[in-house]
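>>> next one to model:
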Amino acid sequence: MSEARRKAAPPRRQKKHWALRVLGWLAALFFLGIIGAVAAFFIMYQTTKIPDPNKEFATNTTTVTWDNGSRTLGAFYEQNRHSVPLAQIPKPVQDAVIAAEDRTFWTNPGISPQGMVRAAYNIARGQQLQGGSTITQQYVKVMYLTQERTVSRKLQELFIATKLGRQQDKSQTLEGYLNTIYFGKGAYGIAAAGDAYFQVPDPKNLSVPQAALLATVLNNPTLFDVDDLNDPRTAKRIIERYRYVLDGMQQMGTITPTKEAQYASKLPKLNPKPKNNRYKGWAGFLLDMARKELLQRGFTEDQISGGGLRVTTTFDYDQQQKMVKAAQNKLPDKHDNLHIGMASVQPGTGELVAMYGGPDYLKSQLNWATAKARPGSGFKPFALAAALEDNKSLYDIFQGDSPIKIQGQKLGNEFNRDYGDVTLLKATEQSINTAFYDLVDNQMDNGPDKVVTAAEAAGIPKTKYLEDGRNNPSTVLGPDPYASAVDMAEAYATFAADGVYAPLHVIKEVKGPDGKVLWSEKSLDKQKKQAFPQDIARTVNFALQDVVTDGTGTGAKDLGRPVAGKTGTAGGVAVEDRAKDKACGGCMAGSATLTSWWTGYTPQLSTAVVYRAGKTGESNLDPYSSDKAFFGGNWPLQTWLAFMKPALEGVPEVSFPDPSGDQIKDTTTPTYTPSPTNTPTNTPSSTPPPSTPPPSTPPPSTPPPNTPTGKPTKTKPTQTTTTPVITLPTGGPSKPTNTPRTPGTGQ
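Numbers count the residues shown, from 1 in each chain. As a prediction, this is how the structure comes out:
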């Protein structure tokens with residue numbers, strides 16, 4: 001056979017590259033995945049049933065108990081709901097809600113693709129699942145009050161919303177939504193909301209501005225809380241959202257541009273329905289604080305108001321009764337417009353065991369135990385701790401004479417008194433202002449900054465006022481509203497616990513309707529920390545025990561067990577005199593006592609008491625006392641004793657551990673010698689009559705000596721304290737007003 005007749009050999013096959021094979025398999029798996037997902041979606045879609053909202057939607061009362069978990073403290077709102085047909089809900093009211101929540105409601109398929117992508121992204125990142133953004137999705141979520149945030153729950157919402165969008169008329173969905181959505185104040189649905197906010201139970205009678213404000217609130221009743229309009233930040237959020245709603249209504253043709261401009265100029269006047277009696281009395285403040293903490297822990301308004309939660313608080317029933325009795329009975333005979341805030345914290349745990357914010361929450365929601373105030377000399381222990389961390393000693397010497405010049409300002413002691421050169425221990429014991437100015441502003445680098453850092457480490461919450469104090473030469477004397485009674489009890493508890501900070505809380509445990517624990521205080525253990533070295537905390541305790549044995553708080557010796565503490569008296573200009581003071585250029589600086597404190601503690605219990613006067617707590621306390629000033633060593637200490645004596649009855653006596661020998665070794669010879677008029681009695685009565693001055697202050701009829709022992713006589717200004725430093729907001733419990741600030745404060 002010739003070569004020409006031979007058949008050509010078949011070409012040799014080339015093997016596919018491994019990468020192409022892998023891509024092929026991946027593509028196959030991808031398409032199989034799509035087919036599987038579509039099939040799964042179809043099956044779930046077909047098997048998902050749309051529940052009847054009138055049967056499924058029901059709320060359960062959340063109960064709140066004392067710390068033993070059995071005795072009931074109170075309850076949050078039961079369901080407040082009254083359904084009305086859509087035909088009875090005017091179009092402007094419907095449009096206000098649509099403009100606020102879902103402007104494409106009438107045309108969208110019931111779900112938001114963007115929201116789904118966002119939710120998927122959060123799931124992939126391991127973050128918390130987000131709720132639906134359309135009205136239909138929100139409506140579906142409202143029908144299930146378990147509030148579970150799981151992938152299966154989210155998918156169920158998705159399928160029901162999709163089915164509703166395809167099978168149910170939009171008007172039915174809107175009607176169900178308007179009758180079930182939560183508006184805050186315990187109100188479910190538009191009818192209940194109109195009644196709660198304006199006492200207008202029939203939606204037909206709601207005005208356009210009223211409907212727009214209700215639509216504003218429903219987005220987030222906590223964020224847009226109309227009860228918090230005094231806070232500029234909340235007011236700004238509400239106004240911006242309210243105008244957004246009106247803009248949407250104008251774009252939808254519901255209102256004209258002229259009407260929009262008219263309504264946007266101001267919010268409608270509120271006419272809230274009287275609060276439920278379950279908040280009546282002093283217990284209302286405890287319930288309100290528990291509710292606020294539940295929100296901070298991540299529970300929603302829906303869960304709190306109708307989720308059937310079982311909330312166990314840290315409040316001790318017996319201790320609370322004793323505190324109420326002390327606050328309401330151990331106070332001056334003249335006590336009109338006099339306010340007492342009290343709080344007691346268990347060292348080492350952060351549990352708030354008792355609190356007195358006022359006599360009746362329904363009459364005034366201003367909680368005097370949580371309202372920030374000027375702590376005065378009660379801030380000195382933080383300066384002491386900061387100084388010890390700065391390698392200062394209790395026996396270092398500082399200037400005790402008055403005045404002292406700091407950054408060009410003359411700052412003084414109470415009544416401009418001279419003490420001579422004193423140790424830090426003596427300065428703490430007698431609450432000598434100038435010695436602490438010398439310590440913080442002259443002898444420490446960045447002293448005010450270190451004081452603020454120590455205060456925050458102890459547990460004083462970070463605020464703008466406190467942060468501003470990092471550059472303030474008078475920070476050590478607490479001239480601004482840095483802390484509340486709750487804050488001070490918590491911070492001093494850190495010293496009592498050997499320097500261990502434990503986060504303050506009022507919730508012990510939260511269980512769901514099925515008994516499952518949803519939150520426990522055990523989760524806070526990881527936040528506990530050694531805020532101060534143990535030896536420094538013990539040294540602070542050592543110095544503050546001296547305040548009781550020989551200083552401005554000798555009345556606390558009547559407790560009959562080891563106790564440490566500090567007085568605090570903050571001076572300033574009473575609110576009634578501020579116009580006059582402004583006119584005379586600050587001539588009334590330091591003319592009034594605005595706050596008076598005693599914060600004292602044992603190793604087992606830390607309790608703070610603050611006195612304030614007037615509607616906003618910015619009036620003068622001095623008329624309520626026969627002393628030269630309303631000192632913390634008198635009535636605040638007496639009220640404290642009236643609580644602490646019975647509170648510690650039967651509790652074993654425990655001593656404070658001693659600091660190391662190096663910390664309390666006296667290697668100096670101070671020149672301070674107390675004068676006879678300055679020497680406190682050993683065992684004062686726990687209940688001196690109003691005409692008797694507290695042991696820690698000179699008798700009113702005897703002026704304090706102006707010539708210190710061992711020091712040359714100085715020529716001092718006749719003005720009691722100092723030239724005003726600067727004009728700053730007072731930061732009272734209501735909206736702050738501008739007032740001259742007096743750095744020099746008292747005992």
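>>> tell me how many other residues crowd residue 282.
Neighbours of residue 282 under the rule other C-beta atoms under 10 Å: 18. No exception for glycine: its C-beta is placed from N, CA and C like everyone else's.
>>> ignore the last one, residue 364
15.
>>> tell me the contacts of it?
residue 358 (C-beta atoms under 8 Å, 6 or more residues apart in numbering).
>>> what about it, distance to residue 339?
Residue 364 is 9 Å from residue 339, where distance means C-beta to C-beta, to the nearest Å.
>>> now residue 377
Taking C-beta to C-beta, one finds residue 377 at 20 Å from residue 339.
>>> now do residue 635
In this view, residue 635 and residue 339 are 12 Å apart by C-beta to C-beta.
>>> anything in contact with each of the two?
Joint contacts of residue 635 and residue 339 (C-beta under 8 Å, 6+ apart) are residue 611.
>>> wait, what's in contact with the residue nearest the centre of the chain?
The centroid of the chain falls nearest to residue 370 when counting by C-alpha atoms, centre = their mean (7.3 Å). Each residue near residue 370 by C-beta under 8 Å, 6+ apart is listed here: 289, 341, 355, 357, 484, 485, 486.
>>> tabulate these (TSV), appending distance to residue 411, neighbour count and secondary structure.
Putting these into TSV (distance: C-beta to C-beta, whole Å; neighbours: other C-beta atoms under 10 Å; DSSP: H, G, I helix; E, B strand; the rest coil) gives the following:
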residue	distance to residue 411	neighbour count	secondary structure
289	37	21	helix
341	28	30	strand
355	34	28	strand
357	34	28	coil
484	26	25	coil
485	26	30	helix
486	29	27	helix
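>>> nearest to residue 522 among those?
Nearest to residue 522 among the contacts of residue 370, counting by C-beta to C-beta, is residue 289 at 20.4 Å.
>>> so what pLDDT did the residue nearest to that closest one when sequence neighbours are not counted get?
Nearest residue to residue 289 in three dimensions, chain neighbours excluded: residue 506, at 5.4 Å (C-beta to C-beta, 6 or more residues apart in numbering). pLDDT, residue 506: 98.
>>> tell me the phi and psi of residue 611?
phi -110, psi 140 (degrees, to the nearest 10).
>>> sorry, that was for residue 66
Dihedral angles for residue 66 - degrees, to the nearest 10 - are phi -70, psi -180.
>>> now do residue 606
Torsion angles, degrees, to the nearest 10, at residue 606: phi -120, psi 120.
>>> same check, this time on the one 4 residues further on
Backbone geometry at residue 610, expressed as degrees, to the nearest 10, gives phi -130, psi 140.
>>> residue 618 too?
For residue 618, the backbone dihedrals are phi -120, psi 20 (criterion: degrees, to the nearest 10).
>>> what about it, distance to residue 322?
30 Å.
>>> likewise for residue 586?
Remark: distance between residue 586 and residue 322 (C-beta to C-beta) = 43 Å.
>>> over to residue 663?
In terms of C-beta to C-beta, residue 663 sits 35 Å off from residue 322.
>>> more neighbours: which of the two?
Between residue 663 and residue 322, counted using other C-beta under 10 Å, the more crowded position is residue 322 (21 against 18).
>>> hang on, that one in a helix?
Yes - the assignment for residue 322 is a helix, going by DSSP: H, G, I helix; E, B strand; the rest coil.
>>> so which helix or strand takes in the closest residue to it other than its chain neighbours?
Nearest in space to residue 322, with sequence neighbours left out and distances taken as C-beta to C-beta, 6+ apart, is residue 646 at 4.7 Å. Residue 646 belongs to helix 635-647 when assigned by DSSP states H and E.
>>> residue 548 too?
Residue 548 belongs to helix 534-550, assigned by DSSP H and E.
>>> which strands or helices does that helix pack on?
Judged by 3 or more C-beta pairs under 8 Å, 6 or more residues apart in numbering; DSSP states H and E, helix 534-550 is in contact with helix 380-389, helix 424-430, helix 485-496, strand 564-572.
>>> mind listing residues that contact it?
By C-beta under 8 Å, 6+ apart, helix 534-550 touches 381, 384-385, 388-389, 394, 424-425, 428-429, 431, 494-499, 532, 553-554, 556-557, 562-567, 600, 656-660, 663-664, 680.
>>> any of those buried? List them.
381, 384-385, 388, 394, 424-425, 428-429, 431, 494-499, 532, 553-554, 556-557, 562-567, 600, 656, 659, 663-664, 680 (16 or more other C-beta atoms under 10 Å).
>>> what packs against the helix holding residue 646?
Packed next to helix 635-647, using 3+ C-beta pairs under 8 Å, 6+ apart, are helix 317-329, strand 338-346, strand 592-601, strand 606-613.
>>> partners of the last one in the sheet?
Taking DSSP bridges as the criterion, strand 606-613 forms sheet pairs with strand 338-346 (antiparallel), strand 592-601 (antiparallel).
>>> could you list the low-pLDDT ranges of this structure?
In the predicted model of the chain, residues 1-18, 21, 27-28, 30-59, 77-81, 112-132, 143-159, 161-167, 276, 667-746 satisfy pLDDT under 70.
>>> show me the domain layout of it.
Domains of the chain are assigned by automatic domain parsing as 79-264, 333-504+527-635+664-740.
>>> just name the most buried of these.
domain 333-504+527-635+664-740 (a mean of 21; mean count of other C-beta atoms under 10 Å).
>>> quick check: the spatially closest residue to residue 387 that is not a sequence neighbour vs residue 552, distance?
Nearest residue to residue 387 in three dimensions, chain neighbours excluded: residue 439, at 5.7 Å (C-beta to C-beta, 6+ apart). Using C-beta to C-beta, residue 439 is found at 17 Å from residue 552.
>>> can you give me the strands for the stretch 201-350 of the chain?
310-313, 338-346 (DSSP state E, counting those that start in this stretch).
>>> switch those over to TSV; also include distance to residue 399.
Below are the strands of the stretch 201-350 of the chain laid out as TSV (distance: least, C-beta to C-beta, whole Å):
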stretch	distance to residue 399
strand 310-313	48
strand 338-346	34
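>>> pretty sure the residue nearest to residue 289 sits against residue 353.
No - look at residue 506 against residue 353 with C-beta atoms under 8 Å: they stay out of range, at 9.4 Å.
>>> who touches both of those two?
Joint contacts of residue 506 and residue 353 (C-beta under 8 Å, 6+ apart) are 314, 315.
>>> so who does residue 413 touch?
So, once contact is read as C-beta under 8 Å, 6+ apart, residue 413 ends up touching 400, 402, 419, 432, 433, 434, 744.
>>> I'd assumed residue 404 was in contact with the third one.
No - counting by C-beta under 8 Å, residue 419 sits too far from residue 404 to count as a contact (11.4 Å).
>>> now the domains of the chain as a markdown table including distance to residue 66?
Output for the domains of the chain, formatted as a markdown table (distance: least, C-beta to C-beta, whole Å):
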| stretch | distance to residue 66 |
| --- | --- |
| domain 79-264 | 23 |
| domain 333-504+527-635+664-740 | 10 |
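>>> for the stretch 101-250 of the chain, what spans make up the helices?
113-124, 135-142, 151-167, 170-180, 190-198, 208-218, 232-251 (DSSP state H, counting those that start in this stretch).
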